[in-house]
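Student: Take this sequence and fold it.
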Amino acid sequence: MGAEVAEHLRLKWGSGRPVPLDQLAQPRRRMSTNALMGMGLWLLLWLGYNTGPGYVMSPNFPASTMDFIHGVRAFFPMAAAWFAILLIFARSSRLVAWIMGPLGLMLLYAVLGMISSTTLSPDRMYASYYGINYLAMVLVLLAIAAVEDPIPDLRNVLRLTWIVGTILTLSLLGAIPFLGSWAISEAQTSPVGVMAYPRVREVLGMAGSRNTGFARYAAISALVALAGLLRKGNVFVRMLWGIVFATSIYALIIANGRTEILGFICGAMVIFLADRAKRTVSILIGIPAALLLGLWRFYSAFFLYFTRTGKFEYTLSGRTRAWAEGWQFIWESPWVGFGFQADRYFVKAHMHNAFLHVLVQAGFLGGSAILIGLAIVWFFIFKHFFVNPPSDRSLIPSEIPAVFAFVTFSSVTESTFAYFSATWLLSAPIVAYVMALHRHLQRERAKAAWEKLLNWRLATNHLHDDGSREGIAGVPRSVA
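Tutor: Okay, here's the model as predicted:
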């Protein structure tokens, strides 16, 4: 009876054709406790975003219900860090392997930034607060990763972050009609004639989003939706991805963020190149499409939109002046920097460049550590997603390198990974996922090499009387 059931499972319904065992539907894996804890801790970090200790320090605290809520949630990242430390102690036997890599380098950056925050910052309390928030992100990732197989758990954390990003995109887009005229204004440089969230205003007792923040949410949401739309699967699910993609693109356009649009284009190219089966088709279609866009004068129109005036502005809206000032301040404390939020106190402006920002905050020791860590992540992304991908394509979803490409590109004009930002909350788990993927593939290849060696040894030990060698199950093998 068991053999008949097995044979029935091996046959395609109604066709009578055998189906390989590895293609049979596998039972859905239940979400692990580690995944639930990881998602809960990462959500706790999100709930502590866009607030600060200033609410609690006010002599009138709490002035209102919203004031009380923002004051309490300001300490949620600290709670997440505490729970993460407890998990790390319980999993300390696996921690060393993760410390010796990008997460350890991120931890070094956070610790050195904390030291500078408590010793050199003009406002030690605020600098230390944001340093603890950044440290909490690294500790949570270490806590999630320090298990035998963290890949499914980190995938769930990534899904959660991208769901949060999509909710923020749709919420900000849907709120425009209700927020009044300040939420949208006319803009001659916009392709649709308007710009969403041109100024920062207070919403629900906290600072509202600017157009560039809105654009970052929309770009990441659009990239994730594009990858889902192109992935084979249920038609209804792909239709939902299509709706999310179209809505996110509309939000990206009205947000009018130039860096974010270019970053999205880079990420979209990564998605098309990541699929090896469709890579040649994408290139063959992309080349004539690029030529047609040139004939339609698309590039001149886009250059006019990107520069606003048709002339390249070398200061990038004044950003290069902040870079020059930041570079000068680095040499006043070159090894450990001035702590988190140092650009606010010394440059009196946002750095608008994550690569310089990390040097200002943690010096060459801490800043170089996180930059080396990100370079390692990119090395393994190229290796495992493009050059030598695994046979199991589900391990390398194309949205992961696409979102990381967007964040890296945006880092030239924004301080994305340098501090506790929404963009880094949306993408930091990629660092842990890529390293978990690398460790997983290392183990699989070592296991395959060992099994191959074992089979060869077994084969060479089965000798016939005539001196020929016999492989496993009586299959002859030739040995050089």
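Student: residues touching Leu395, list them.
Tutor: Shown in contact with Leu395 (Cβ atoms under 8 Å, 6 or more residues apart in numbering): Ile151, Leu437, His440, Leu441. To be clear about C-beta, it is placed using only N, CA and C from the backbone, and glycine gets the same treatment.
Student: Excluding covalently adjacent residues, which one is nearest to the spatially most central residue of the chain?
Tutor: The residue lying closest to the centre of the chain (Cα atoms, centre = their mean) is Ser427, at 2.1 Å. Nearest residue to Ser427, sequence neighbours excluded (Cβ to Cβ, 6 or more residues apart in numbering): Val407, at 4.7 Å.
Student: and if you look at Ile151?
Tutor: Ala436 (5.0 Å).
Student: which stretches of the stretch 201-350 of the chain form strands?
Tutor: Using DSSP state E, counting those that start in this stretch, the strands of the stretch 201-350 of the chain run over 202-203, 206-207.
Student: Low-confidence ranges, the stretch 201-350 of the chain, go.
Tutor: Applying pLDDT under 70 to the stretch 201-350 of the chain flags the ranges 276-284, 293-299, 301, 306-308, 310, 314-315, 317.
Student: Could you check how far Leu437 is from Ala196?
Tutor: Look at Leu437 and Ala196: by Cβ to Cβ, to the nearest Å, they are 36 Å apart.
Student: sorry, back to before: what is the neighbour count of the residue nearest to Ser427?
Tutor: Residue neighbour count, defined by other Cβ atoms under 10 Å, stands at 26 for Val407.
Student: before we move on, back to that, name the element the residue nearest to Ile151 belongs to?
Tutor: In the assignment (DSSP states H and E), Ala436 maps to helix 429-460.
Student: Mind checking the pLDDT average for that helix?
Tutor: Averaging pLDDT along helix 429-460 yields 89.
Student: For that helix, buried residues please.
Tutor: 429-441, 459 (16 or more other Cβ atoms under 10 Å).
Student: Could you do stretch 389-405 as well?
Tutor: For stretch 389-405, the neighbour count (16+ other Cβ under 10 Å) marks Pro389, Leu395, Ile396, Pro397, Ser398, Glu399, Ile400, Pro401, Ala402, Val403, Phe404, Ala405 as buried.
Student: Return the member of those nearest to Lys311.
Tutor: For the buried residues of stretch 389-405, the minimum distance to Lys311 (Cβ to Cβ) is 28.0 Å, reached by Ala405.
Student: show me the contacts for that closest one.
Tutor: Contacts of Ala405 were listed using Cβ under 8 Å, 6+ apart, and they are Gly263, Cys266, Gly267, Val270.
Student: Is the first one in contact with Ala222, as I believe?
Tutor: No: with contact defined as Cβ atoms under 8 Å, Gly263 does not reach Ala222; the gap is 10.6 Å.
Student: tell me the contacts of Thr166?
Tutor: Tyr217, Ser221, Val224, Ala225, Val244, Ser248.
Student: how about a cut-off of 10 Å?
Tutor: By Cβ atoms under 10 Å, 6 or more residues apart in numbering, the contact list for Thr166 reads Tyr217, Ala218, Ile220, Ser221, Ala222, Val224, Ala225, Val244, Thr247, Ser248.
Student: Kindly report the same for Glu399.
Tutor: Neighbour list for Glu399: 158-159, 162, 220, 223-228, 230-231, 267, 270-271, 274, 430 [criterion: Cβ under 10 Å, 6+ apart].
Student: That one - nearest residue in space that isn't next to it in sequence?
Tutor: That would be Ala227: by Cβ to Cβ, 6+ apart, it lies 3.7 Å from Glu399.
Student: before we move on, the earlier item: for the contacts of Ala405, which PyMOL command selects only the ones that are buried?
Tutor: In PyMOL, a selection of the buried entries from the contacts of Ala405 looks like this (16+ other Cβ under 10 Å):
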select buried, resi 263+267+270
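Student: Spatially, which two of the contacts of Ala405 are the most separated?
Tutor: Gly263 and Val270 (10.6 Å).
Student: Need the overlap of contacts for these two.
Tutor: In contact with both Gly263 and Val270: Leu223, Ala402, Val403, Ala405, Phe406, using Cβ under 10 Å, 6+ apart.
Student: of these, closest to Gln361?
Tutor: Nearest to Gln361 among the shared contacts of Gly263 and Val270, with distances taken as Cβ to Cβ, is Phe406, at 22.4 Å.
Student: so that closest one sits right up against Ile265, yeah?
Tutor: Yes: taking Cβ atoms under 10 Å as the definition, Phe406 is a contact partner of Ile265 at 9.4 Å.
Student: who has more neighbours, those two?
Tutor: A direct count of neighbours by other Cβ under 10 Å for Phe406 and Ile265 places Phe406 higher, at 29 against 14.
Student: confidence score at the more buried one?
Tutor: Confidence for Phe406, expressed as pLDDT, is 97.
Student: secondary structure class for it?
Tutor: Following DSSP: H, G, I helix; E, B strand; the rest coil, Phe406 is assigned to helix.
Student: how about it, what does it touch?
Tutor: Phe406 touches 216, 219-220, 222-223, 259-260, 262-268, 270, 416, 423, 426-427, counting by Cβ under 10 Å, 6+ apart.
Student: swap in Ser248?
Tutor: 165-166, 169-170, 173, 217-226, 264.
Student: Helices - which of the residues you listed land there?
Tutor: Per DSSP state H, helices hold the following members of these: 165-166, 169-170, 173, 217-226, 264.
Student: so, if you compare the residues you listed, which one comes nearest to Ala369?
Tutor: Nearest to Ala369 among the ones in helices among the contacts of Ser248, with distances taken as Cβ to Cβ, is Ile220, at 25.4 Å.
Student: give me every residue that touches the closest one.
Tutor: By Cβ under 10 Å, 6+ apart, the neighbours of Ile220 are 161-162, 165-166, 168-169, 248, 252, 260, 263-264, 267, 399, 402-403, 406-407, 410, 422-423, 426-427.
Student: how close does Leu204 get to Ala74?
Tutor: 15 Å.
Student: Equivalent analysis for Gly52, please.
Tutor: Separation of Gly52 from Ala74 (Cβ to Cβ): 6 Å.
Student: okay, the two: which has more neighbours?
Tutor: Neighbours per residue (other Cβ under 10 Å) separate Gly52 from Ala74, with Ala74 holding more: 21 against 17.
Student: if you skip the residues just before and after it, what's nearest to the more buried one?
Tutor: Closest residue to Ala74 apart from its sequence neighbours, by Cβ to Cβ, 6+ apart: Thr51 at 4.4 Å.
Student: got a list of what that neighbour touches?
Tutor: Ile69, His70, Gly71, Val72, Arg73, Ala74, Phe75, Phe76, Pro77, Gly205, Met206, Ala207.
Student: Following the chain past the helix or strand that contains the fourth one, name the next helix or strand.
Tutor: So the one you mean is Val72. Assigned by DSSP H and E, Val72 belongs to helix 65-73. On the C-terminal side of helix 65-73, the closest following helix or strand by DSSP H and E is helix 76-90.
Student: in that following helix, what's buried?
Tutor: Buried, per 16+ other Cβ under 10 Å, within helix 76-90: Phe76, Pro77, Met78, Ala79, Ala80, Ala81, Phe83, Ala84, Leu87, Ile88.
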